[in-house]
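Engineer: Structure, please.
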Amino acid sequence: MTFFKDEQLEQLGNQILAATWKQFPELAQNQLALTWIVYDHPVPVNTGGALSSYEFWKYPVRSFNYRGIERIYPASIIKLFYLVAIQEWIEKGMIQPSSELDRAMRDAIAHSSNDATSLLVDTLTGTTSGPELPPGPFETWKSQRNIVNRYFQSLGWAELKGINVNQKTWGDGPYGRERAFLGELMENRNMLTTNATAWLIHCIIGGIAVSSVRSQAMMALLQRNLNPSDSPPEDENQVTGFLGEGLPPHAQLWSKAGWTSQVRHDAAYIEIPDRQPYLLVVFTEGKAHCKNKHILPFISRQVVEAVDILS
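Structural biologist: Sure, this is the predicted structure:
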């Protein structure tokens, strides 16, 4: 793998964590996970597809992570994985492109629509939600629903081991066969790590997720507007209360947030003029913290200050 630990990044990362716990002492040390990747010159990402996959993986990048391999419920961050899978299916001719599929991808990523995500999962797996099924058909259904898991595991990357990518995202929650598939104790929930999420975004912004053209199309869906006057209302955008809120107004942001009554996450690639671009994934857990819209912007501001002094 081309990610490597760096002494300066380790020191800065630990300082960011210490500042976060000082500011938010109620946030337990096991309620936070973080992966931070810095792109030094020559920057191998956001090149418009200039690098082949072979060339891209030659570029080493330094990284810092805290609990980066811990499996955590990802909420809507999972939609990034469904987005990449849909693009792969289309590229390989496994499904046909359509305006309705384009609309679903846009709404799932840009507006975090659960209904749109439902269509993506159905399209990827050839399954549908509905009443509980008899044992035989249910086994077939479950096998089909795990096709996205099999795809990501087939890539052979250590960063993707242990993730679970087979559930829809919900408003009120699953019913019928979906509830049965989740497991009595919800043991089959979607699960990601900050390292796995960072790896996926690294591939997208590197132009090698599926293809350079499809990676650029995915980046277009992930781009956020930092101008408050042009953004959707606070309860509908993925900037306010997330990493984007901690950025200077002249920054550029590509991101996907996720939040429920138990977690609050964000995953972002950030460019600030005259500074090294970087990728930041932060997961926070705990019912008391999911409503706290200050933690992620605080961490983001700390990272911005740290990037200022990077050498």
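
Engineer: residues near K256, how many?
Structural biologist: 28 (other C-beta atoms under 10 Å). No exception for glycine: its C-beta is placed from N, CA and C like everyone else's.

Engineer: Determine the longest helix present in the chain.
Structural biologist: helix 7-23 (DSSP state H).

Engineer: I'd like to know the average pLDDT value across that helix.
Structural biologist: The average pLDDT within helix 7-23 is 98.

Engineer: continuing past it, what's the next helix or strand?
Structural biologist: strand 32-38 (DSSP states H and E).

Engineer: Excluding its own residues, what touches that following strand? List them.
Structural biologist: Identification of contacts with strand 32-38 by C-beta atoms under 8 Å, 6 or more residues apart in numbering yields 3, 6, 9, 13, 16-17, 20, 61-68, 70, 72, 193-195, 197-198, 202, 276-285, 299, 303, 307, 310.

Engineer: Outside of the longest helix of the chain itself, list whatever touches it.
Structural biologist: Applying C-beta under 8 Å, 6+ apart, the external contacts of helix 7-23 come out as 27, 29, 32, 34, 36, 38, 62-66, 295, 298-299, 302-303, 306, 309-311.

Engineer: Make sure N65 is indeed in a strand.
Structural biologist: Yes: checked against DSSP: H, G, I helix; E, B strand; the rest coil, N65 lies within a strand.

Engineer: Quick check: beta-bridge partners of it?
Structural biologist: Going by DSSP bridges, N65 is paired in beta bridges with T35.

Engineer: Filter the contacts of strand 32-38 down to just the buried residues.
Structural biologist: 3, 6, 9, 13, 16-17, 20, 61-68, 70, 72, 193-195, 197-198, 202, 276-285, 299, 303, 307 (16 or more other C-beta atoms under 10 Å).

Engineer: residues contacting the residue lying closest to S112 once chain neighbours are set aside?
Structural biologist: Leaving aside its chain neighbours, S112 sits nearest to S76 (4.8 Å; criterion: C-beta to C-beta, 6 or more residues apart in numbering). S76 sits next to S112, N114, T117, T169, K256, A257, G258, W259 when contact means C-beta under 8 Å, 6+ apart.

Engineer: again, only using 10 Å
Structural biologist: By C-beta atoms under 10 Å, 6 or more residues apart in numbering, the contact set of S76 is 108-109, 112-114, 117, 169, 190, 238, 256-260, 263, 265.

Engineer: Take the residues you listed and keep only those in strands.
Structural biologist: Residues of the contacts of S76 located in strands (DSSP state E): K256, A257, G258, W259, V263, H265.

Engineer: can you give me the helices in the stretch 151-300 of the chain?
Structural biologist: 177-182, 194-205, 212-222, 287-290, 295-308 (DSSP state H, counting those that start in this stretch).

Engineer: and among those helices, the most buried is which?
Structural biologist: helix 194-205 (a mean of 26; mean count of other C-beta atoms under 10 Å).

Engineer: which of the residues in the longest helix of the chain are buried?
Structural biologist: For helix 7-23, the buried set under the neighbour-count rule, 16+ other C-beta under 10 Å, comprises L9, L12, G13, I16, L17, A19, T20.

Engineer: same check, this time on stretch 108-125
Structural biologist: Those would be 108-110, 112-113, 116-121, 123-125, for stretch 108-125 by 16+ other C-beta under 10 Å.

Engineer: Kindly report the same for stretch 25-42.
Structural biologist: L27, Q31, L32, A33, L34, T35, W36, I37, V38, Y39, D40.

Engineer: just those now: which is nearest N164?
Structural biologist: Nearest to N164 among the buried residues of stretch 25-42 is A33, at 15.9 Å by C-beta to C-beta.
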